[in-house]
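got a structure for you, letters missing:
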Ligand SMILES: Nc1ncnc2c1ncn2[C@@H]1O[C@H](COP(=O)(O)OP(=O)(O)OP(=O)(O)O)[C@@H](O)[C@H]1O
Ligand SMILES: [Mg+2]
């Protein structure tokens, strides 16, 4: 594996109109690393993920696999190896499961993710490959959103609250799938408000509070009282 981080943010500020949402955020994620990003409602977690695609307005430096993407077209991070599963399981409801997956094949990156490989990861999807997106359960939609992001062959998969509103048994299936994805060498950046999910999936945490990075360390520290006070979850 290369020493170049899959993602680096350096002195990133992000703005919605005149409002500063992120202030001086810096971190790097190494190849194959599993990182959880925590913070309260409105702390800037989603904005951090979107900043990679230049949304909203961003200053500072963002690099994917060593290449600067600040100011680049939004498809550039994907072609360099970062995929996003957005908050709220966004899939195309009027397309079938398989059509959704094929739409994810947006980059020319080489790798082993095919619809059949996704169906091995999520057998439910395989049994319903001709069903329309709208006919899927919430959990199946989230699995499809993850599968679609994998089809771009990411070196880093970013997931924005992928277990929001899902039943424990479905969350367990998603945790197992994330472990399998990680075992193939894919780095994970998982946004979660609940630290239990981060403890299950990640080895390192990042914490945001009011748009600033206030914590970066091993996941075991998330149970320290001092760390919890700092994060103010
Ligand atoms: N489209 C927008 N226009 C203006 N302000 C926005 C917009 N989207 C988000 N914000 C503001 O940016 C801040 C950070 O929002 P963000 O969505 O990144 O938080 P979050 O940590 O992901 O929260 P949540 O846990 O609710 O998903 C909030 O104060 C929010 O009100
Ligand atoms: Mg969010």
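Structure's in. What do you need? Every value quoted in this text rests on a predicted model; they were computed, and no experiment measured them. Ligands and ions are numbered 1, 2, ... in the order given.

how about the secondary structure of whatever residue of the chain ends up closest to ligand 2?
Going by Cβ to the ion, ligand 2 is nearest to residue 46 of the chain, at 3.2 Å. Heads up, the C-betas are built off the backbone N, CA and C, glycines and all. Assigned with DSSP: H, G, I helix; E, B strand; the rest coil, residue 46 falls in the helix class.

and what of residue 98?
Under three-state DSSP, residue 98 comes out as helix.

neighbours around it, how many?
By other Cβ atoms under 10 Å, 18 other residues sit near residue 98.

picking up where we left off before, show me what contacts the residue of the chain closest to ligand 2?
Counting by Cβ atoms under 8 Å, 6 or more residues apart in numbering, residue 46 touches 87, 160, 191.

excluding its backbone neighbours, what's nearest the first one?
Of all residues beyond its chain neighbours, the one nearest residue 87 is residue 160 (3.9 Å), with distances taken as Cβ to Cβ, 6 or more residues apart in numbering.

which strand residues bridge the one you found?
residue 191 (DSSP bridges).

which parts of the chain sit against ligand 2?
Residues of the chain lying close to ligand 2 by Cβ under 5 Å from the ion are 45-46.

okay, and for the chain, where does confidence drop off?
1-2 (pLDDT under 70).

could you pick out the longest helix of it?
Scanning the chain for the longest helix, with DSSP state H as the assignment, gives helix 168-183.
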